[in-house]
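Peer 1: Show me the folded form of this:
(chains A, B, C, D and E, ligands or ions: 5)
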Amino acid sequence: MSEIHAETVAFVRETMLPAEAPPAREAGAVKWLRENLFSGPVNTLLTLLGLGIIWFLVSHFWDWFAHSVWSANSLSECRQIIAETWGEGARGACFAVIRERWNQYVYGFYPSDLYWRPTLVFGLLFVALAPVLFSESRSLRRLILGLTTAVTLILLVALGTPVLWLIFAAAVTIGASVIAERHPLYLLIFSALYPLLGVWLLWGGSIWGVIMVLVGFGLGWGAWLVAARVSPMLSAVAAALVAMIWWIGFAGAAASDAQNLIPLGITPVDSDQFGGFLLSITIGVAGIALSLPLGIVLALARRSDMFLVTSLAVMFIEFIRGVPLITLLFVASLLLNYFLPPGTNFDIILRVIIMVTLFAAAYMAEVIRGGLAALPKGQYEAADALGLDYWKAQRLIILPQALKISIPGIVSTFIGMFKDTTLVTFVGLYDPLKSMSDAVRASTSWKGIYWEPYIFVGVIFFLICFGMSRYSMYLERRLARDHR
Amino acid sequence: DTLADVKARGELNCGVNTGLVGFAAPDANGNWTGFDVDVCKAVAAAVLGDSSKVKYVPTTGQTRFTALSSGEVDVLARNSTWTFSRDTDLKLDFVGVNYYDGQGFMVPKELGVTSAKELDGATICIQTGTTTELNLADYFKANNLSYSPVNIDSNAEGEQQYMAGACDAYTTDASGLAATRAAFADPENHVILPEIISKEPLGPAVRHGDSNWGDIVRWTLNALIAAEEYGVTSKNIEELVKSSQNPEVQRLLGVTDDLGAMIGLDKEWAKRAILASGNYGEIFAANIGEQTPIGLARGLNAQWTQGGLLYAPPFR
Amino acid sequence: MTDVSAPATPPFRLSMLVYDRRYRSMTFQVIVFVLVMAFGWWLVNNTIQNLQALGKDFNFGFLFQRAGYDLPQTPIPYTSDDTHLRAAIIGLMNTVIVSILGCIAATIVGVVVGVARLSNNWLFARLMTVYVEIFRNIPLLLWILIIYALFTEILPAPSAYRGEDPAWSMVLFDNVALTNRYTSIPALGLTNDPGSLELGARVSVSWALIAFMVVLIGGWMVRTALHKRAQQIQDATGQRPTTWWQTLAVMTVPSLFLIWFFGLHLLPPELKGFNFSGGMNVDNSFVVLWLALTLYTGAFIAEIVRAGILAVSKGQSEAAFALGLRPRRTMNLVILPQALRVIIPPLISQFLNLTKNSSLAIAVGYMDLRGTLGGTTLNQTGRELEAMVLMMAIYLALSLIISAGMNVFNSRVKLKER
Amino acid sequence: MSEAITRKIDRSHMEVSDEVAIDIRAMNKWYGTFHVLRDINLTVHKGERIVIAGPSGSGKSTLIRCINRLEEHQSGHIVVDNVELTSDIKNIDKVRSEVGMVFQHFNLFPHLTVLENCTLAPIWVRKVPKKQAEATAMQFLEKVKIPEQAHKYPGQLSGGQQQRVAIARSLCMQPKIMLFDEPTSALDPEMIKEVLDTMIELAEEGMTMLCVTHEMGFAQAVANRVIFMDQGQIVEQNNPHDFFNNPQSERTKLFLSQILGH
Amino acid sequence: MSEAITRKIDRSHMEVSDEVAIDIRAMNKWYGTFHVLRDINLTVHKGERIVIAGPSGSGKSTLIRCINRLEEHQSGHIVVDNVELTSDIKNIDKVRSEVGMVFQHFNLFPHLTVLENCTLAPIWVRKVPKKQAEATAMQFLEKVKIPEQAHKYPGQLSGGQQQRVAIARSLCMQPKIMLFDEPTSALDPEMIKEVLDTMIELAEEGMTMLCVTHEMGFAQAVANRVIFMDQGQIVEQNNPHDFFNNPQSERTKLFLSQILGH
Ligand SMILES: Nc1ncnc2c1ncn2[C@@H]1O[C@H](COP(=O)(O)OP(=O)(O)OP(=O)(O)O)[C@@H](O)[C@H]1O
Ligand SMILES: Nc1ncnc2c1ncn2[C@@H]1O[C@H](COP(=O)(O)OP(=O)(O)OP(=O)(O)O)[C@@H](O)[C@H]1O
Ligand SMILES: NC(=O)CC[C@H](N)C(=O)O
Ligand SMILES: [Mg+2]
Ligand SMILES: [Mg+2]
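Peer 2: Ligands and ions are numbered 1, 2, ... in the order given. Coordinates of the predicted model:
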C-alpha cells in the first residue's frame, strides 16, 4: 500500500463492555416530564393551554355530573331532589330520565311483553357474526360466544321469555359455543339463516313466510344443479330466475295457504312500533350486511372492461355520492310511491334500509375499488394461468385480498352508515337521537330536558362506533401478521 | 282504488301531526290519542270494522301533503287548513271541517305585549310549510310591521325555541297554541293575544281523483257530527239502534236504508264509526274540551243548532 | 418482414354469444342495458300513471309564482312577494355560504389539530386525540342538536341586555352581543358613501366594497411580484432579500387609506324593542350549523393531515437534516409538498361531505336549498317531484364541480413514476 | 452461471416424441400499433425442452404468454395440444388447464397457505376432492423439497422457496406443458440453484418445457433447442451445443458475448 | 463480491493527513434504557477511508448517525472538523453542512427533479445563486455519470441511478466528510457495481469517508481501516489486509467466516 498510515492503531477488544444504565437525567419521571411536557417554550405553552382546557371543562361540568340524580319520575321532582341534596341553586344532571324511559330508548314502542324477541335477535347476532368476524382468533371467539350466551340467557329470563323460546335460545347459543370449538365453519350455516330468523323474530307473523323464502332458495339451488349439467354459465341465471319466479309469483300465496292449513306463527309487530336503538341497530346491521355485497358488485362493475357496465356503475355511484342522504331518504319515504305501480305499499323500514344500503354501497364500492387497484397484476395473471374463470378468480383470489386491504375503509364506511341511521328521524321514524328524545320531552313530566338524553345517546353511539374502529385496527394488525 | 287497497291491507294509513297534544300525540307506549286521531279511528272502524287497525304516520308541516299525494297515507288528519290552492293546485280533496280555527299569537306574559300590532321588530317562531307562515307574512306586510321569522319544523321544536326565549312570539292555529300552552309547566305565564289573523278551517283531506274514498271519509266525519246533533252517543247507540224512531237516525245507523252500500261499505259503518270514540261532541270533550288541560270552548265548533258552524248534510 | 395474413374468422354460431370472448361481453352488456332500460321505463311509466291518476303534471312553472313566505336571513334582498325561484336561489346561496365557510374553518381546525396530534407534547396530543375520536364517532346530527341546545339554552334572550342592571352585557368593548337568537356584531358604516353598483334583480354591490376588493387583489398581485423578484434575486445572488415588511405594507396601506377615505367605521348593535338592531345579526341557526360542521369535519381532516404527514417517511426529513436544512425549511420544502399530495384528495372528499351534510340545516331551521326549494316551496306548491329533481340536480352539480376540481389537482401533482 | 448445474443429468426420460405439443403458425401480435411479435412459426414436440433467450424487450415474455392466452394474438394460429386458441372460452379454459406457467415474480396467493395455493386450482377447476388434491399437492411439494412448509404462508418463505411452491402449484394441475418466464431472475444467487435443480428434475421426467431464461448453464445442460429472439422475431434456433459454440447470426453473437462476458 | 471492483485503483490522492477530521471520545448512547453505543473512541484523519462492519443491530448505523447528529449521544464527546457536537444549533448546522450522508434507501425527494434535489441544499443552506448551484450540480451529476437524467424525477430512475443521485446531492454541498450507511444493500447486483465505482472514484480523490457496508471487496480495495463493531462497541480495528487475513478476536473471525463463506 502506497499511502502513509498515519496511525495503524490495530485495536482488539479483549473483554466486552457490559450494558450500563443510562445516566440519571436520561430516565425516570423527570426526564419524561421534561421531554413530553416542557421541552421548550412552545411546548410549555401548549401544556399550559391543555391544562387550561381541562380545567375549563372540569370546572364547568364536573359539579353537574357529580350531582346526578338517577331516580325520579319527572324533571321537577329531579330538580327538587338536587336542590334538597346539594342546596338551592345547585346544578345537576337528571339521568333519571334515562332510567325511566330506558325501555323506550332501547325498544321504541315495541310491545313490552315481547321485548325478549329483539333481545334474542341481538344476542344471536353475535353468534352469527362469530364465524365471520372472530374467525381469526379462537380465544376471542370463545370470549364473545361465552359472554353472548351468558348475557343473552340472563336477559331473556329477566324479560320473561316463553319457556320454549328460552330452550331454543339456550340450545342455539350453547350449541354454537360448542360447535365453534371444533368446526367453527359450521356456524356459517347459522350465519346464513340468521337474517331470516332475525326478520321473523323482529316483525313476527307466520313462520310460513320464512319457510317459503327458504323454499325459494332450495328451488334455486335445484335449478342450479339441473342447469349446471347443461351449461355452468346458465346455471346462475336459471337459479336466480327460478327463485325469483317463486318468490314473486307463488311464495305469498303458498305461505298464506299453509298458514290457513296449519297456523304457526308469533305475534306480528308493526314497523311503526320500532324505535330507539332497536331501530338504529336494525337499520345499521341490515345496511352493513347488504351494502358490502352490493358494494363489491359495484366495484367489480366499475372496474370491468365492458363499457356499458362501467358507465352504468359510474353513473350510479356518482349520483348516490353526489346527493345528500336525507334527500334520498326523503325520496324513499315520500316519493317512492310515485315510481311504483299504483297501490303498492311496502314497509317504511325496508325502504329506509334499501336507501341506506344504496348510499353505503356507493361509498363501499369506491373503497373496494381502491383495494382492487392495489392488487398486483400478477395475481390476476396467476389465477388466469391456473384456469380459474372470472368469478372463481374474483371469489377465491382477488376479493379476499382486496377486501383485506380495504378493511379500514370498509369499517369507516360502516361507522358512517351507522351514524347516519339517526337521519331517519327526518322521515318520521323514531330514531333514538331526535325523535325519541322529542317524544320523551313531549310528556309534561320531562319537558325541557335536553342534555341528558343527548349525552346518553351520544355515549352509546360513541361506544359502538369507537368499538368498531378499534376492532378494525385489531383486525388489520392481525391480518398483517398472519399472512405476511 | 283506495278503499280496496285499504281493505286488502287490512290497515288504514293515517297521516297525523308529529306531536300536538290534544290533536295527535303518542304516549310513552306509542299509543296515539287526540282529536285528529279519533277521526282516523272512526274511518278505520267504518271501513275495516276495527278502530285499532290504523297505522299512524307522523308528518310535519312540510311532509304531510307529499305523504298524501304519493300514496304514503290514505287520509290526512293533521290539523290542516282547507285552502283554495291546496284543494286545487295541490290536488287534494278536503272532505270537511272538523275544527274551525284561526291563527293566533302566544307571547310570554312578562313581555307585556297585549296586541299583535305591538310585535313590530319581534322574532317569531313559525312552522314552515303551513298556511300560518303565509298569513304571517301577509299580516305583517299589511300592517307595515317588520319581524324576523325563526323557521321550525315541528311543534316540539317550536316549544323548545319559544320556551328558551329564542323567539318572542309563537304563532300557529289558535287551537295549536292552546294545546301547546296547556303542555307548559307554567301555562299561566303565557298569553294568547286577542287577534285572530286568519280563517283556518281544519279538516281531513284525501287524494284528488278517488271520489269514492273521499265520500267515505267525508261521510264518516259527517256521521260523527250528525250523531251529536241527533244525540247519538257511544253510550246509547245500541239502544237507539233498537228504539230510535227518528228516520234519519235509523238511516244513519243502518237500521232502515242501506246507505253503506252506496259508498261500498256495509250497513253498520256509521254505527261503528261512532262507537270508535264517540260522536263529535264526545271526541271534542275527551281531547280538547273544557274539561281537558287544553280547555277549548266549543265556540264556532258548536252545532249549528247551538249557534256554531257545525252542520252535517242530511243522511238520505 | 412477412406480410400479415388475415386471421380466418370462424363462421358465427349462436353459441358464440355465450362462449366467445368477443361476443360474450357484448351479449352481457346488451342484457344489462336492456334490463336497466326496462327498469327505467317501468319507473317512468309508473310515475306518469300515478301523476295522471292524481291529475298532476310535471312542470317547473311554479318557480315563477309568488313565494308568499319570508326567510330569516338572506344574502340578497328578498320579500314574500318574490318568486319561488328567488327563494330557491337564496337557499342555494345559503348552502354555498355555509359550505365554503365550513370548509375553510374545518381545514384550519383540522390542520391545527392534526399537527398538534403529532406534537411531542404528550398532554396536548392526547387532548387532541380525544377531540378527534369523540367527534368522529358520534353522529353529526347529535353535534348539531347539542350545539343548538347550547346556544338556545345557555345564551340569553336579547331582553337580558335590557334595563339598568342587565343580566348580560355585550362583549368585545360593547360591540358584540351574544343571544340565543343570533350573534349581533357591528355593521360597517361609511361617512362618504360612494353608492352602489346595481347588478339588476335588486342585487347591488357597494362601490366601497368593490374598491376594497380591487385594492386587495391588486395588493396580492404586487405581493406576488415582490416574491418573484425576491426569488430572482435569490437565484442570482443566493441571498434572499427580506420582503415581509414590503408585503405587509402593500397589503395594508391601501386598505387603510380606503378606510380613511370612505370614513369606514363600526356601527355597534343596539337593543331596540325586541331585538338588537343597527348592527348585523348573524342567526344562530347559521352559527350552529357552521360550528357543528366545522368541528365534525375538522376531526376527520385532522386525521387526514396527520396521515399525510406520517406518509412522508422519516427518511425524507433525515435526508433534509443531513443536508443541513433547518426544521422550518425542511417542513416547507420537503415535507409539506409531499404531504399535500397525500392530503388533498381525501380533503376534498371531506369538503364534499361537508357540503352534503349542510343539508342537515333542516335540524336548526337554517334556510338552505333543502329548506327553501326542498322544503317550504315544495310544500306550498305541492310540486314534490319537480322540486326534488331540481334539488338533487343542484347538489349533484355541486359535487361534480368539487370532484372535477379534485381530479384536475390530482393529475397536476401526481408523482412521476417509472 | 453454469456452475449452478453441478450434478450429472439423467437423460433417460428426456426423449422427444413425434407428437406435436404446440404449433404456432405465422403468428403476429401488436400492442396498439407496436408490432411485438412478427410472423412467429414454432413447433414444439412432446417432451421438448426449449429455452428462449434474447435481449430485454424482444418479446420473449409476450410469446409464451400468448401460448396460454394471457395475451391475445391478432393473426396466425396457435394450436396447443390439438386445441386451437381462439376467443372461444371453452378452448381457452381447456388449454390453460393443460399448460402450467411459472412467473418471474412467483405470483403466489399471499392469503392462502402453501398447501391451499397448490390445491386451489385442482379443487375448483379440475373438481378433485379436497383430500385427494391435498395428497397430490403434498407429493409435488415433496418433489420440490419443501413439504414441511405446507402450512406456512408464502410471505414467510424465502424467494427460492416461493418459486418452488409456484412450480409445485403449476404441477398440481398435472399439466402437459410447462412455461417458465425468467423463473430465477428475481432471486438471490444462492436461491437460483435450488430452483434450477427443480426444473432440471422436471426435465428429466420428460416434461415439455418452454423456458425464458438467461441461465445459459441451464440451457446447455437441459435444453434440446435454444431459440433466440430479437425485435419480436425468432432470429435463430438451434441445439444448445451449436447455438453456443457456433452462432450464425450477428445478433446472436453479440448477445452471447454480452451475456457470457461477465 | 470482489469481482465488482475490476479496474485498477488510482491511489495517488489517497493520502491520509495528520489533521483530525472526526474525534470521538468515550461516547455512549442509549435508546431509552438500551445501551446502543458503549464507550466509543475513534479518531478519523483527513483523507481516511474507514469501513465499518459488524452484525445487524451492532450499532453501526447509530454510530455514523451520531456523527452528524441525526441521533443525540448522551455522554462523551464528538468533535467533527473542530466543532464539538452539543445541543447548540449553530454547531449542528455547521457540522451538517460539512458532512454529507448517503442512506441505504437513497431518501431522494420524490417531488423534485434530480437537478432540484441537488441544488436544494446549496441554494437554501449555502445561499449559492441558482445558476451556480445548477452548474455545480451538473458537474457532480456528470461525475456520477447521469447528467442526462437531470430533469427526470427520482421515481423514473433505477435504484442504482437513484443512489448515484443521492451521492451527487451530498457532494453538491461540497462536504469535507462523507458518511455512507449501507449504500448498496438495497440494490440489485448489477447496480451495485455502478454505485461502488462512484464511491471508489470519490476515494481516489481523497475524500474522507466513513462507510458502513458489507461489500468486502470494496473494503479491501479502498479502505485504509476496517472497524468491526458488535454489541455497540468497537471490537476490532485494523488495516484491511490484516483485518481480513489475520483477524484477532473470535467474533471477528466468526463474522468473517459467515460473510465470506458464501
Ligand atoms: N401491455 C403492454 N402494452 C404495450 N407494450 C407492451 C406491453 N407489454 C409489453 N410491451 C412491450 O412489448 C415489448 C416486448 O415485451 P416483453 O415483455 O415480451 O419483452 P421480454 O423479451 O420479455 O423482455 P424482458 O427480458 O425485459 O422481460 C417490449 O418493448 C415492451 O415494452
Ligand atoms: N429509534 C430507536 N429506538 C430504539 N432502539 C433502536 C432505535 N434505532 C435502533 N435501535 C436499536 O439499536 C440497535 C442498533 O441499531 P443500528 O441500526 O445502529 O444497527 P446496525 O448495526 O446499523 O444494524 P443493521 O446492519 O441492521 O443496519 C439495534 O438493536 C436496534 O434495534
Ligand atoms: N301548525 C300546523 O302544523 C298546521 C298549520 C295550518 N293549519 C296549516 O295547515 O298549514
Ligand atoms: Mg419478460
Ligand atoms: Mg444499519
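
Peer 1: Could you confirm whether any residue of stretch C:130-141 contacts chain A?
Peer 2: Yes. Residues of stretch C:130-141 contacting chain A under Cβ under 8 Å from any Cβ of the partner chain: C:133-134, C:136-141. All C-beta atoms are positioned from the backbone trio N, CA, C, and that covers glycine.

Peer 1: How about residues contacting that stretch?
Peer 2: A:415, A:419-420, A:422-423, A:425, A:433-434, A:458, A:461-462, A:465-466, A:469, C:113, C:117, C:143, C:292-293, C:295-296, C:298-300, C:302-303, C:357, C:360, C:363 (Cβ atoms under 8 Å, 6 or more residues apart in numbering or on different chains).

Peer 1: Pick out the residue of chain A closest to ligand 1.
Peer 2: Residue nearest to ligand 1 within chain A (Cβ to the nearest ligand atom): residue A:377, separated by 9.6 Å.

Peer 1: so how far is residue D:52 from the closest residue to chain E within chain B?
Peer 2: Residue of chain B nearest chain E, by Cβ to the nearest Cβ: residue B:151 (49.3 Å). Distance of residue B:151 to residue D:52, given as Cβ to Cβ, to the nearest Å: 77 Å.

Peer 1: cool, residue B:197 as well?
Peer 2: From residue B:197 to residue D:52 the distance is 94 Å (Cβ to Cβ).

Peer 1: Equivalent analysis for residue C:268, please.
Peer 2: Between residue C:268 and residue D:52 the distance is 87 Å, computed by Cβ to Cβ.

Peer 1: between those two, who's got more neighbours?
Peer 2: Set residue C:268 next to residue D:52 and count neighbours by other Cβ atoms under 10 Å in any protein chain shown: residue D:52 wins out with 28 against 19.

Peer 1: wouldn't residue A:282 be in contact with residue A:350 here?
Peer 2: No. Residue A:282 lies out of contact with residue A:350 (Cβ atoms under 8 Å); the separation is 10.4 Å.

Peer 1: out of the two, which sits in the more crowded spot?
Peer 2: Neighbour tally, residue A:282 and residue A:350, criterion other Cβ under 10 Å: the higher count belongs to residue A:282, 24 against 15.

Peer 1: one step back: the contacts of stretch C:130-141 in helices, which ones?
Peer 2: A:415, A:419-420, A:458, A:461-462, A:465-466, A:469, C:113, C:117, C:143, C:292-293, C:295-296, C:298-300, C:302-303, C:357 (DSSP state H).

Peer 1: low-confidence ranges in chain B?
Peer 2: Counting by pLDDT under 70, chain B contains no low-confidence segment.

Peer 1: Could you rerun that using 80?
Peer 2: B:28-30 (pLDDT under 80).

Peer 1: circling back to that earlier point, output the residues of stretch C:130-141 next to chain A as TSV; include the columns neighbour count.
Peer 2: Shown next, in TSV, are the residues of stretch C:130-141 next to chain A (neighbours: other Cβ atoms under 10 Å in any protein chain shown):
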residue	neighbour count
C:133	17
C:134	15
C:136	20
C:137	21
C:138	25
C:139	26
C:140	23
C:141	26
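
Peer 1: Strands of chain D, residue ranges please.
Peer 2: D:20-31, D:34-45, D:49-53, D:75-80, D:83-84, D:99-102, D:177-181, D:208-212, D:225-230, D:233-238 (DSSP state E).

Peer 1: any idea how far whichever residue of the stretch 51-200 of chain A sits closest to chain C is from residue C:130?
Peer 2: Proximity of the stretch 51-200 of chain A to chain C (Cβ to the nearest Cβ) peaks at residue A:53, 6.2 Å away. As defined by Cβ to Cβ, residue A:53 lies at a distance of 10 Å from residue C:130.

Peer 1: Which one's more surrounded, those two?
Peer 2: Legend: neighbour count by other Cβ under 10 Å for residue A:53 and residue C:130, higher for residue A:53 (14 against 10).

Peer 1: Would you list the phi and psi of residue D:82?
Peer 2: For residue D:82, the backbone dihedrals are phi 70, psi 10 (criterion: degrees, to the nearest 10).

Peer 1: and it, what is it in contact with?
Peer 2: Neighbour list for residue D:82: empty [criterion: Cβ under 8 Å, 6+ apart].

Peer 1: which one is residue C:83 nearest to, not counting chain neighbours?
Peer 2: With Cβ to Cβ, 6 or more residues apart in numbering or on different chains as the criterion, residue C:83 has its nearest non-adjacent residue at 5.2 Å, and that residue is residue C:64.

Peer 1: Can you redo the strands of chain D as TSV, where the extra columns are mean pLDDT?
Peer 2: Listed next are the strands of chain D as TSV, based on pLDDT from 0 to 100:
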stretch	mean pLDDT
strand D:20-31	90
strand D:34-45	91
strand D:49-53	91
strand D:75-80	90
strand D:83-84	88
strand D:99-102	92
strand D:177-181	92
strand D:208-212	92
strand D:225-230	91
strand D:233-238	90
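
Peer 1: Same list (the ones you listed) but as JSON lines, adding distance to chain A.
Peer 2: Output for the strands of chain D, formatted as JSON lines (distance: least, Cβ to the nearest Cβ, whole Å):
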{"stretch": "strand D:20-31", "distance to chain A": "15"}
{"stretch": "strand D:34-45", "distance to chain A": "17"}
{"stretch": "strand D:49-53", "distance to chain A": "17"}
{"stretch": "strand D:75-80", "distance to chain A": "13"}
{"stretch": "strand D:83-84", "distance to chain A": "13"}
{"stretch": "strand D:99-102", "distance to chain A": "4"}
{"stretch": "strand D:177-181", "distance to chain A": "8"}
{"stretch": "strand D:208-212", "distance to chain A": "13"}
{"stretch": "strand D:225-230", "distance to chain A": "21"}
{"stretch": "strand D:233-238", "distance to chain A": "23"}
